[in-house]
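Engineer: Model the structure of this input:
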Amino acid sequence: GARGARGEEEEEEERGYEAPFGLAIKRVKALSMVSLGFTTVGGPLLAAADPTAAKMALAGIFVMFGSATTGTLHWYVKPYVVRMRMAEDAEAEG
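Structural biologist: Down below sits the predicted model:
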């Protein structure tokens, strides 16, 4: 028989997995990338305003710290499964 839209949604939910923190992780990663962008642009601007050795070193530290924290975040959450779907072939076998 024909199924309603609700029946198809329930079947899709049974065949898939949505991570509880998937959206939060995507938002934090996006915020981290935006922050890295501002740091990468702002650091050299800080040094260019008054190019002393101390300001250039401080700008370099800002850029390295932003890169390191963003890289660490991406490395740390990389194995986190955000979404998983069962293949149609696997369903037929099991």
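Engineer: so Leu73 touches Val28, yeah?
Structural biologist: Yes - counting by C-beta atoms under 8 Å, Leu73 does reach Val28; the two are 7.0 Å apart. Any C-beta I mention is one placed from the backbone N, CA and C, and that applies to glycine too.
Engineer: who's more crowded, these two?
Structural biologist: Leu73 (17 against 13; other C-beta atoms under 10 Å).
Engineer: can you tell me which helix or strand the more buried one belongs to?
Structural biologist: Using DSSP states H and E, Leu73 sits within helix 53-77.
Engineer: Give me the most central residue, this structure.
Structural biologist: The chain has Lys29 as the residue nearest its centroid, 3.3 Å off, counting by C-alpha atoms, centre = their mean.
Engineer: thought that one was touching Val77?
Structural biologist: Yes - the criterion here is C-beta under 8 Å, and Lys29 meets it with Val77 at 7.0 Å.
Engineer: Report the contact partners of Gly42.
Structural biologist: Phe62 (C-beta atoms under 8 Å, 6 or more residues apart in numbering).
Engineer: that older thread, where do the contact lists of Lys29 and Val77 overlap?
Structural biologist: If you check Lys29 and Val77 against C-beta under 8 Å, 6+ apart, no residue is contacted by both.
Engineer: rewinding a little: enumerate every residue touching the residue nearest to the centre of the chain.
Structural biologist: The neighbours of Lys29, taking C-beta under 8 Å, 6+ apart as the test, are Leu73, His74, Val77.
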